[in-house]
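**Student:** here's my sequence, what's the structure:
(one chain, ligands or ions: 1)
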Amino acid sequence: MPNQLIHLQHVYYQYEQTEALKDITLTIDEGDFLAIIGPNGSGKSTLLKIMLGLLKPTKGEVLLFGKPAPLFKERELIGYVSQKSNAFNTGFPATVEEVVKSGLTKKVGLFHAYPKNVQSKVKDALTSVGMEMFAQKNIGDLSGGQQQRVFIARALISNPKILILDEPTVGVDSENVRSFYHMLSHLNREHQITIVLVTHDVDAVSKSISHVACLNQTIHFHGFQNEMNSMSDEQLEAWYGHSVRKVNHQNEVQL
Ligand SMILES: Nc1ncnc2c1ncn2[C@@H]1O[C@H](COP(=O)(O)OP(=O)(O)OP(=O)(O)O)[C@@H](O)[C@H]1O
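**Tutor:** Take a look at the predicted model:
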């Protein structure tokens, strides 16, 4: 039986005025590469925050690595790259190496010494995202896509088992989006890192992912990427909330 890293059971989340999530039951197994897709305001970021244990569900249960979320303490097992990472102050005078090293802070604490092998950890993290040549560059001198890779390296330095990314390709130009997803696919397949991401790039991401979840308050579909092609137009419209056009490219679905 696959190892369940995250399990949500009948989860609801209510902001003051808005019911953001309704009856979500979802399991993420070790090795999955899951894309969560859905229209604006459909609850994607809220769902990620629930998975991270940052928001407590109004109703329902969240298990992280088999433990109820409030009892889960091994935070370094879950790497997170937020939407805000790419709104980084590009004038900030930090090298790529320093940014990646700062990912260890939650493990060593602010005033503790870094481990002796910190340089090799930085190098390994940068190599895994194809950015080892940029270690001494100022982060502000990199493109949006290169910065995102550095933030992923920062999340990877504490050896997480799962990486959670909220719209990681915002600020990545369209030519580089596919190679960005290819890099994530490499992390998933070669480094055995489970990946969950929120994205609007249904077409570009489809070659890399194993699973897809279609969200609009509740989960309208969760399954293998190629099974999404079997969703009827009625199901797609119920999910998306308005008329959509499906274009099949062998195993791809474009909306
Ligand atoms: N802090 C908050 N307080 C009140 N309502 C909120 C808050 N955050 C989100 N919401 C509402 O909850 C719903 C889900 O928001 P969420 O940000 O999770 O959606 P999303 O799918 O990530 O949206 P987008 O694609 O636009 O980023 C929306 O109706 C939003 O207005």
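**Student:** CA only for contacts and neighbour counts going forward, please
**Tutor:** OK.
**Student:** do you have the helices of the stretch 51-200 of the chain handy? List them.
**Tutor:** 96-101, 105-108, 118-128, 144-156, 174-190 (DSSP state H, counting those that start in this stretch).
**Student:** ok, for Q225, nearest residue in space, not its chain neighbours?
**Tutor:** H211 (4.7 Å; Cα to Cα, 6 or more residues apart in numbering).
**Student:** quick one: that neighbour from the ligand, how far?
**Tutor:** Distance from H211 to the ligand, counting by Cα to the nearest ligand atom, to the nearest Å: 18 Å.
**Student:** surely that residue and I28 touch.
**Tutor:** No. With contact defined as Cα atoms under 8 Å, H211 does not count as touching I28 (9.5 Å).
**Student:** identify the contacts common to the two.
**Tutor:** L34 (Cα atoms under 8 Å, 6 or more residues apart in numbering).
**Student:** still on that earlier bit, rank the helices of the stretch 51-200 of the chain by mean pLDDT and give me the bottom one.
**Tutor:** Of all the helices of the stretch 51-200 of the chain, helix 105-108 carries the lowest average pLDDT, namely a mean of 61.
**Student:** contact residues of the stretch 1-150 of the chain facing the ligand?
**Tutor:** Applying Cα under 6 Å from any ligand atom, one finds that the stretch 1-150 of the chain approaches the ligand through 15, 18, 20, 39-46.
**Student:** inside strands: which ones of these?
**Tutor:** Using DSSP state E, the subset of those located in strands is A20.
**Student:** farthest pair in the residues of the stretch 1-150 of the chain next to the ligand?
**Tutor:** Using Cα to Cα, the pair of those lying farthest apart is Y15 and P39, separated by 18.2 Å.
**Student:** of these two, who's got more company?
**Tutor:** P39 (16 against 10; other Cα atoms under 10 Å).
**Student:** how far away is the nearest residue to I50 once chain neighbours are set aside from the ligand?
**Tutor:** Distance criterion Cα to Cα, 6+ apart; nearest residue to I50, sequence neighbours excluded, is K56 at 6.4 Å. Distance of K56 to the ligand, computed by Cα to the nearest ligand atom: 13 Å.
**Student:** still on that earlier bit, make CSV from the helices of the stretch 51-200 of the chain and add distance to V198 and mean neighbour count to it.
**Tutor:** Formatted as CSV, the helices of the stretch 51-200 of the chain follow (distance: least, Cα to Cα, whole Å; neighbours: other Cα atoms under 10 Å):
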stretch, distance to V198, mean neighbour count
helix 96-101, 22, 22
helix 105-108, 24, 13
helix 118-128, 21, 19
helix 144-156, 14, 25
helix 174-190, 12, 17
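**Student:** how about low-confidence regions in the stretch 1-150 of the chain?
**Tutor:** Residue ranges of the stretch 1-150 of the chain with pLDDT under 70: 1, 84-92, 106-113.
**Student:** report the secondary structure state of F221.
**Tutor:** Under DSSP: H, G, I helix; E, B strand; the rest coil, F221 falls in the strand class.
**Student:** could you report the neighbour count for it?
**Tutor:** Neighbours of F221 (other Cα under 10 Å): 17.
**Student:** kindly report the same for N40.
**Tutor:** Neighbours around N40, by other Cα under 10 Å: 10.
**Student:** list the contacts for it?
**Tutor:** Contacts of N40 (Cα under 8 Å, 6+ apart): none.
**Student:** list phi and psi for I36.
**Tutor:** phi -100, psi 120 (degrees, to the nearest 10).
**Student:** T46 is in contact with that one, correct?
**Tutor:** No. I36 is beyond contact range of T46, at 11.7 Å (criterion: Cα under 8 Å).
**Student:** picking up where we left off before, only whichever of the residues of the stretch 1-150 of the chain next to the ligand are buried, select them in ChimeraX.
**Tutor:** Command for ChimeraX that selects the buried part of those, burial taken from 16 or more other Cα atoms under 10 Å:
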select :20,39,42,43,44,45,46
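**Student:** wait, which of the residues of the stretch 1-150 of the chain next to the ligand is closest to K67?
**Tutor:** Nearest to K67 among those, with distances taken as Cα to Cα, is T46, at 20.3 Å.
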